[in-house]
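Asks: Give me a 3D structure for the following:
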Amino acid sequence: MAHIRIVYGTTGGNTQIVCQKVAADLEERGHTVLVERCELTDPQKITDCDCLILASPTYGHGLLEMHFAKFLPQIEHMNLKKLPCAVIALGDPKYDLDYFLESEKKLTHYFQSHNGKILLDPLKIAKSPLPYLEKKVVKWVEKLDQKLTAL
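Replies: Got it, this is the predicted structure:
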């Protein structure tokens, strides 16, 4: 089974809730998962895994969460060398209907421009994640598990 690293930014805690649910479901499927807040992560170690998941909410007019916005430049020099990757993005249209899930685009672009291998469509959650934990998140984890098992 895979060793998965989830690195996330959060201010209000919603992204953390989703990442912990993803981790718990992946562990139930036999994977080893390390969940880390981006401000506590050693940027040099993010590729020490079989799959890297980056997760951030979007604030304001398409801004990454403040800690994640500081973290991303720290890993700008990385070559992911086809490392399997996935994205988790949260947002709320009350901030800006045009940009409320912009973190998905930014994290996907990061993986694409650093030679990561994106395994599946991003997990995108609008508004509170609580109604999505038992269906949408579980289905996304099932798809991720299938992709990891096929590697």
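Asks: Counting by contacts, list what the worst-scoring helix or strand of the chain on mean pLDDT packs against.
Replies: Across the helices and strands of the chain, mean pLDDT, DSSP states H and E gives its lowest value to strand 63-64, namely a mean of 93. For strand 63-64, the packing partners by 3 or more C-beta pairs under 8 Å, 6 or more residues apart in numbering; DSSP states H and E come out as helix 102-113. C-beta: built from backbone N, CA, C; applies to glycine.
Asks: Against which helices or strands is the helix it packs on packed?
Replies: When contacts are defined as 3+ C-beta pairs under 8 Å, 6+ apart, helix 102-113 packs onto strand 51-59, strand 63-64, strand 84-91, strand 117-118.
Asks: For that helix, give the mean pLDDT please.
Replies: For helix 102-113, mean pLDDT rounds to 97.
Asks: tilt between it and strand 84-91?
Replies: Here helix 102-113 runs at an angle of 160 degrees relative to strand 84-91 (axes from the mean of the first three to the mean of the last three C-alpha atoms, to 10 degrees).
Asks: Now do helix 102-113: everything it contacts.
Replies: For helix 102-113, contacts defined as C-beta atoms under 8 Å, 6 or more residues apart in numbering pick out 54-58, 62-65, 68, 72, 75, 80, 85, 87, 89-91, 116-118, 122, 124.
Asks: What's opposite C51 in the beta bridge?
Replies: I4 (DSSP bridges).
Asks: Run me through the strand neighbours of the least confident helix or strand of the chain, direction for each.
Replies: Here strand 63-64 has these sheet partners by DSSP bridges: strand 51-59 (antiparallel).
Asks: Centre of the chain to the strand it pairs with, how far?
Replies: Computed by C-alpha atoms, centre = their mean, to the nearest Å, the chain-centroid distance of strand 51-59 equals 3 Å.
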